[in-house]
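Asks: build the 3D model from these lines:
(chains A, B, C and D)
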There are 2 protein chains.
Amino acid sequence: MSLPNFTNFLIEKGGLTAEEVRQVTPFMRTETVANNAFLLKAGEVCSHSFFVESGVLRLYALNEEGKENILQFATENGIVSDRGSVFFQEPSTYYIDAIEPTVVVLFDEAFVNEVAKVNSGFRVHNEKLLQNHIRHLYKRVSLLIGASAKVRYLEFVQRHPDLMLRVPQWMIASYLGITPESLSRVRKALAAENFKSN
Amino acid sequence: MSLPNFTNFLIEKGGLTAEEVRQVTPFMRTETVANNAFLLKAGEVCSHSFFVESGVLRLYALNEEGKENILQFATENGIVSDRGSVFFQEPSTYYIDAIEPTVVVLFDEAFVNEVAKVNSGFRVHNEKLLQNHIRHLYKRVSLLIGASAKVRYLEFVQRHPDLMLRVPQWMIASYLGITPESLSRVRKALAAENFKSN
DNA sequence: AGTGCTTCTTATCAAATGTCAATGCACATG
DNA sequence: CATGTGCATTGACATTTGATAAGAAGCACT
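Replies: Sure thing, here's the model as predicted:
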């Protein structure tokens, strides 16, 4: 199976050469995931990180009442993982499943170490990814504690226009921390505003 | 000035030897920060990360209406930074100030590189810190989108009992994403519950 | 002790969001 | 075509949280 996205990712974001990519391919694995199929369930140790070659994944937690809290989506070129679980080899409290038929590349710490071995600069690139992830999470927390549902929704639309078309609305509501009904009302209010001003 | 906490941190969490610590000390700096004094303001590039030797720091953002959204506290042995700004040398959107007279150790990417030079295992330790930070942020997001103010408060009390005594309540409210008045109500309700059940 | 400042609490009312129930719609499947 | 299923919307109502204002307690400073 050809993996143009992952290969490109290693070259562009990891600083590898095509030859180095060839050297590390034996250390990764590809998998096809059916719609609604799980890659991780709470209680399991998350053995790999998942790079999305095509499709969409989501990561979520269940609260005490059984409600899903969606923490992250990943489309093409995105990475999902319970990094804590992978890194520390502890049981995860999260679920990861596919919300489209999806092709993923699985890689673990051994793979990362292997890449770092063939390309000494990779750890810095890797750190960059982590730093970016942290920055993104800060922004998310900031919106969650300081912005209304409406503002959060507008932010989401702007940042993830692609997801709007591929993900059911109730999942976006979960990601935003509101109910599907509330999101529906927010959208209605925004539509009314736009109508007035145009 | 002696820095037992930072030294200990480098040894315990960074895997350095006492001798290696001595080698890298020339590359860091110590500063005393008065109560309410700023270490970073929005618009500036965050040139350093701050390790708290003693005291308390907070990191916050201002939203459009000028309301503070507190993203993080750091007490002894904690690190605060706009990592994104430090790493990518971009202007920050955050503020960092002291809420007690505080002694901080300032270190930048050059320091990290220096430490990595004297101890080749340090990058892995550093990655561990980042992974932990990400894990913590996931937990935080999860609570913000899925738990009530009451649950978030209880979580906070449990995780940061020390902060309860050192940080004014309205800052904790900000950290939890609610108003001081709401927090006061939550506390009142909890007190009433405890009274009934005892 | 007096003064001003900040924090915390309380009360009241308003706004935002959640809950529950019903409906309509699109789509897949028999 | 008929039917079932999941999703989005809407309305009525409840609950939570915010906004505003007022007051009490603690604390620093004079």
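
Asks: the helix or strand bottoming out on mean pLDDT in chain A - contacts with which helices or strands?
Replies: Across the helices and strands of chain A, the lowest-confidence element by mean pLDDT, DSSP states H and E is helix A:83-88, at a mean of 84. Based on contacts counted as 3 or more CB pairs under 8 Å, 6 or more residues apart in numbering or on different chains; DSSP states H and E, the elements that helix A:83-88 packs against are helix B:122-146. (Each C-beta comes from the backbone N, C-alpha and C, glycine too.)

Asks: is chain A contacted by the helix it packs on?
Replies: Yes: counting by CB under 8 Å from any CB of the partner chain, contacts between helix B:122-146 and chain A involve B:123, B:126-128, B:130-135, B:137-138, B:140-142, B:144-146.

Asks: now that helix: average pLDDT?
Replies: The pLDDT scores in helix B:122-146 average 93.

Asks: for the following helix or strand past that helix, buried residues please.
Replies: Elements were assigned by DSSP states H and E; along the chain past helix B:122-146, the next helix or strand is helix B:149-159. Neighbour counts over helix B:149-159 (16 or more other CB atoms under 10 Å in any protein chain shown) mark B:149-150, B:152-153, B:156 as buried.

Asks: could you do stretch A:181-198 as well?
Replies: A:183, A:186.

Asks: does DNA strand D sit close to that stretch?
Replies: Yes: counting by CB under 7 Å from any atom of the strand, contacts between stretch A:181-198 and DNA strand D involve A:181, A:183-185, A:187-188.

Asks: can you pull the contacts of the residue nearest to A:His48 when sequence neighbours are not counted?
Replies: In space, and not counting its chain neighbours, A:His48 is closest to A:Leu106: 4.0 Å by CB to CB, 6 or more residues apart in numbering or on different chains. When contacts are counted by CB atoms under 8 Å, 6 or more residues apart in numbering or on different chains, A:Leu106 touches A:28-31, A:48-51.

Asks: now A:Glu20
Replies: Going by CB under 8 Å, 6+ apart, the list of residues near A:Glu20 reads A:10, A:115, A:118-119.

Asks: filter these down to the ones in helices?
Replies: A:10, A:115, A:118 (DSSP state H).

Asks: burial measure for A:Ser2, as a count.
Replies: A count of nearby residues for A:Ser2, using other CB atoms under 10 Å in any protein chain shown, gives 8.

Asks: now it: how far from A:Ser54?
Replies: Going from A:Ser2 to A:Ser54 by CB to CB, to the nearest Å gives 11 Å.

Asks: what are the boundaries of the strands in chain A?
Replies: Assigned by DSSP state E, chain A shows strands spanning A:29-33, A:38-40, A:49-54, A:57-62, A:68-74, A:79-80, A:94-98, A:102-107.

Asks: mind putting those strands into CSV with distance to B:Gly78 and mean pLDDT?
Replies: CSV is the format used below for those (distance: least, CB to CB, whole Å; pLDDT from 0 to 100):
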stretch, distance to B:Gly78, mean pLDDT
strand A:29-33, 38, 95
strand A:38-40, 30, 96
strand A:49-54, 27, 96
strand A:57-62, 25, 96
strand A:68-74, 24, 96
strand A:79-80, 28, 96
strand A:94-98, 25, 96
strand A:102-107, 32, 96
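
Asks: buried ones among the residues of helix B:122-146 next to chain A?
Replies: Buried among the residues of helix B:122-146 next to chain A (16+ other CB under 10 Å): B:123, B:126-127, B:130-131, B:133-135, B:137-138, B:140-142, B:144-146.

Asks: state the pair within those residues that is farthest apart.
Replies: B:Arg123 and B:Gly146 (34.2 Å; CB to CB).

Asks: once you drop chain neighbours, what's closest to the closest residue to DNA strand C within chain A?
Replies: Scanning chain A for proximity to DNA strand C using CB to the nearest atom of the strand identifies A:Ser182 as nearest, at 3.1 Å. Leaving aside its chain neighbours, A:Ser182 sits nearest to A:Ala149 (5.9 Å; criterion: CB to CB, 6+ apart).

Asks: show me what contacts that neighbour?
Replies: So A:Ala149 contacts A:176-178, A:182-183, A:186 (CB under 8 Å, 6+ apart).

Asks: and the spatially closest residue to A:Gly78 that is not a sequence neighbour, what is it in contact with?
Replies: Excluding the flanking residues, the one nearest A:Gly78 by CB to CB, 6+ apart is A:Val52, at 5.0 Å. For A:Val52, the contact set (CB under 8 Å, 6+ apart) comprises A:5, A:74-80, A:102-104.

Asks: just the buried ones from those residues?
Replies: Among those, those classed as buried by 16+ other CB under 10 Å are A:5, A:74-75, A:79-80, A:102-104.

Asks: make a markdown table out of the residues you listed and add distance to DNA strand C.
Replies: Listed next are the buried ones among the contacts of A:Val52 as a markdown table, based on distance: CB to the nearest atom of the strand, whole Å:
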| residue | distance to DNA strand C |
| --- | --- |
| A:Asn5 | 26 |
| A:Ala74 | 23 |
| A:Thr75 | 20 |
| A:Ile79 | 28 |
| A:Val80 | 24 |
| A:Thr102 | 18 |
| A:Val103 | 21 |
| A:Val104 | 23 |
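
Asks: gap between the residue nearest the centre of chain A and A:Phe38?
Replies: The centre of chain A sits closest to A:Ala74, judged by CA atoms, centre = their mean, with a distance of 3.3 Å. Going from A:Ala74 to A:Phe38 by CB to CB gives 15 Å.

Asks: please apply the same query to A:Arg22.
Replies: 31 Å.

Asks: how about A:Pro91?
Replies: On the measure of CB to CB, A:Pro91 and A:Phe38 end up 15 Å apart.

Asks: try A:Ser81
Replies: For A:Ser81 relative to A:Phe38 (CB to CB), the value is 14 Å.

Asks: same check on A:Lys67?
Replies: Here the criterion is CB to CB. By it, A:Lys67 lies 18 Å from A:Phe38.

Asks: near chain B, which residues of chain A? Just list them.
Replies: So far as CB under 8 Å from any CB goes, chain A lies against chain B at A:61, A:63, A:67, A:69-71, A:82-84, A:87-88, A:94, A:123, A:126-128, A:130-135, A:137-138, A:140-142, A:144-147, A:174-177.
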